[in-house]
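Asker: sequence and predicted structure are below.
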Amino acid sequence: MGELIPPSNFSMVWKGVYRSGFPTRKNFSFLAQLQLRTVLFLCPEEYPDSNLQFLEENGIQLLKFGVIGNKEPFDEIPIEMIKLALDA
């Protein structure tokens with residue numbers, strides 16, 4: 001078991017629901033302890049092979065919704081995309 005290092009901006013949203021920045025290999029031991037069932041990936045980029053391998057090894061489902069970032073104050077994520085992600 002490696003050192004337990006959470007991903008950047010890691011936080012609990014609700015019991016059993018977490019949010020974070022993009023995880024890297026150094027975060028895998030921490031994430032494994034959470035016994036995750038699903039990862040909701042909201043970026044348009046491809047999910048890295050090393051992360052896919054971690055998910056597969058730990059029986060974690062990946063749901064990918066390529067949402068363009070909304071860094072500008074008046075840019076909004078389309079409501080249809082939010083509904084799809086919440087219904088997944």
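Answerer: Received it, and whenever you're ready, just let me know what you need.

Asker: contacts, neighbours, all on C-alpha from now
Answerer: OK.

Asker: can you give me the helices in this protein?
Answerer: Here the chain has its helices, by DSSP state H, at 28-33, 49-57, 79-87.

Asker: output the shortest one as PDB - backbone C-alpha positions only.
Answerer: Output for helix 28-33, consisting of C-alpha atoms alone and laid out as PDB, is shown next (Å, rounded to 0.1, in the frame of the first residue of the first chain):
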ATOM      1  CA  PHE A  28      -4.400   5.600  -6.800                       C
ATOM      2  CA  SER A  29      -3.800   4.200  -3.300                       C
ATOM      3  CA  PHE A  30      -6.000   6.900  -1.700                       C
ATOM      4  CA  LEU A  31      -8.800   6.300  -4.300                       C
ATOM      5  CA  ALA A  32      -8.600   2.500  -3.800                       C
ATOM      6  CA  GLN A  33      -9.500   3.000  -0.100                       C
END
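
Asker: how about that helix: buried residues?
Answerer: Buried residues in helix 28-33, counted by 16 or more other CA atoms under 10 Å: 28, 29, 30, 31, 32.

Asker: most packed of the helices of the chain?
Answerer: The highest mean neighbour count among the helices of the chain, using mean count of other CA atoms under 10 Å, belongs to helix 28-33: a mean of 16.

Asker: low-confidence regions, the chain specifically.
Answerer: Applying pLDDT under 70 to the chain flags the ranges 1-2, 68-77, 88.

Asker: circling back to that earlier point, include distance to residue 7 when you put the helices of the chain into a markdown table, please.
Answerer: Below are the helices of the chain laid out as a markdown table (distance: least, CA to CA, whole Å):
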| stretch | distance to residue 7 |
| --- | --- |
| helix 28-33 | 8 |
| helix 49-57 | 13 |
| helix 79-87 | 21 |
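
Asker: minimum distance to residue 20: which of these has it?
Answerer: Within those, the stretch nearest residue 20 is helix 28-33; the backing value is 10.7 Å (CA to CA).

Asker: return the distance of that closest one from the chain's centre.
Answerer: On the basis of CA atoms, centre = their mean, to the nearest Å, helix 28-33 sits 13 Å off its chain's mean C-alpha point.
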